[in-house]
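Visitor: just coords:
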């Protein structure tokens, strides 16, 4: 078994190459519910832009909240497909372990379509725990527009289907700052929230660094 695991690691390194890719990045995005969502991530990958393996740490929160979420992740990227795991802890609230996979279906200079699936297990600090699984089909345009159709299921709490969209109205020459129109619509099937509809729309300025 040890030999098999070692062989797998050697094979992955051979595919990825030996260069190291490090990055410190973040974003600030208005939240339609109020405040601004702030995300900061530090990562390091072994390989090249098309084939790499690595991980990092992140912090995420809203400027209206005093409790940011902290976490770590690992990702294997093979061309335009990926597999990943992550652990997220919100102190005093919950911790979540997630697995995800992305499969690229279409990629041209202007258009991209990806299929995503995920599974997560969340445990609240009061001891209550639940699983959540789902997926989405995502379309993005080079100009910054996007559309996503997805669904998620929580046992005993039902299934939620959601459609979200984004239209880019302005982008800085560097591409780091954008002004977007966003919208979403969702409906819950089954469980205590069956039949509930949610709609949202907003205008927001985002900056990545």
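Guide: All right, it came through fine. In this text, all values refer to a predicted model and were calculated from it rather than measured experimentally. Residues are numbered from 1 along each chain as shown.

Visitor: now the strands: where do they sit in the protein?
Guide: 20-30, 36-47, 51-62, 69-78, 81-90, 94-107, 111-124, 129-141, 146-154, 158-171, 177-189, 197-208 (DSSP state E).

Visitor: Thought residue 86 was touching residue 57, still the case?
Guide: No. Using Cβ atoms under 8 Å as the test, residue 57 is too far from residue 86 to be in contact (10.2 Å). For the C-beta atoms, the positions are set from N, CA and C on the backbone; glycine is no exception.

Visitor: so how far is residue 167 from the residue nearest in space to the middle of the chain?
Guide: By Cα atoms, centre = their mean, the chain has its centre lying nearest to residue 100, at 8.9 Å. To residue 167, residue 100 is 26 Å away according to Cβ to Cβ, to the nearest Å.

Visitor: go on, residue 182?
Guide: On the measure of Cβ to Cβ, residue 182 and residue 167 end up 8 Å apart.

Visitor: In terms of packing, which of the two has more residues around it?
Guide: Taking other Cβ atoms under 10 Å, residue 182 and residue 167 do not tie; residue 182 has more neighbours (18 against 14).

Visitor: Could you measure from the more buried one over to residue 29?
Guide: Noted for residue 182: a distance of 9 Å to residue 29, by Cβ to Cβ.

Visitor: residues shared between the contacts of these two?
Guide: residue 204 (Cβ atoms under 8 Å, 6 or more residues apart in numbering).

Visitor: list the contacts for residue 180?
Guide: With Cβ under 8 Å, 6+ apart, residue 180 has these contacts: 144, 166, 167, 168, 169, 203, 204, 206.

Visitor: For the last one, which non-adjacent residue is closest in space?
Guide: The reference is to residue 206. Nearest non-adjacent residue to residue 206, counting by Cβ to Cβ, 6 or more residues apart in numbering: residue 29, 4.4 Å away.

Visitor: I'd like to know how many residues surround that neighbour.
Guide: Other residues lying near residue 29 total 17 when counted by other Cβ under 10 Å.

Visitor: hang on, it packs against residue 204?
Guide: Yes. At 6.2 Å, residue 29 and residue 204 qualify as touching, with contact defined as Cβ under 8 Å.

Visitor: For the protein, which residues score under the pLDDT cut-off?
Guide: Along the chain, segments meeting pLDDT under 70 span 1-21, 32.

Visitor: please redo it, this time with the cut-off set to 50
Guide: 1-16 (pLDDT under 50).

Visitor: Same drill for residue 57 and residue 86, tell me which one is more crowded.
Guide: Using other Cβ under 10 Å, the more surrounded residue of residue 57 and residue 86 is residue 86, with 19 against 12.

Visitor: Around residue 111, count how many other residues there are.
Guide: Burial measure for residue 111: 11 neighbouring residues, criterion other Cβ under 10 Å.
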